[in-house]
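Give me a model of this one.
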Amino acid sequence: MINHVDKRLGKLEVFHDRITNVEVFLKIENASHQVKDKVAEIKVSVPQQTFFGQHESKSFEESFDSAFNAIVKQIKRHKSKQLQN
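Take a look at the predicted model:
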């Protein structure tokens, strides 16, 4: 799992070159009788902005990938707004 996370996070530099901090949290929710109990949270900090993604599913890989994709969308949206200004 660590290799999977490192590999994906290495790709963030493609989308933003001024990343100052990245935090990843993987946790299991104790909701009884639910299949979707593995949660991934990602927080990416850049100057004057913080992006946050969270997803819950049946596996950590799926949760992390969905949260990562949400972060990438946020970064792209932020950069396009900067280019318009």
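
for the longest helix seen in the chain, the distance to its chain's centre please.
Here the longest helix in the chain is taken by residue count, with DSSP state H as the criterion, and it is helix 60-84. Relative to its chain's centre, helix 60-84 lies at 7 Å (CA atoms, centre = their mean, to the nearest Å).

go on, stretch 57-65?
The gap between the average C-alpha position of stretch 57-65 and the chain average comes to 11 Å, counting by CA atoms, centre = their mean.

could you give the mean pLDDT of that stretch?
Here the mean pLDDT over stretch 57-65 is 95, rounded to a whole number.

can you check stretch 17-29 too?
Average pLDDT, stretch 17-29: 94.

Output it as PDB, nothing but the C-alphas.
Below are the C-alpha coordinates for stretch 17-29, written out as PDB (Å, rounded to 0.1, in the frame of the first residue of the first chain):
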ATOM      1  CA  ASP A  17       5.000  22.400  -9.000                       C
ATOM      2  CA  ARG A  18       4.800  24.300  -5.600                       C
ATOM      3  CA  ILE A  19       3.400  21.600  -3.300                       C
ATOM      4  CA  THR A  20       4.600  22.300   0.200                       C
ATOM      5  CA  ASN A  21       3.000  19.400   2.200                       C
ATOM      6  CA  VAL A  22       1.000  16.300   1.600                       C
ATOM      7  CA  GLU A  23      -0.800  14.300   4.300                       C
ATOM      8  CA  VAL A  24      -2.500  10.900   3.800                       C
ATOM      9  CA  PHE A  25      -4.700   9.200   6.300                       C
ATOM     10  CA  LEU A  26      -6.000   5.700   5.900                       C
ATOM     11  CA  LYS A  27      -8.400   4.500   8.500                       C
ATOM     12  CA  ILE A  28     -11.100   1.900   9.100                       C
ATOM     13  CA  GLU A  29     -14.500   3.200  10.100                       C
END
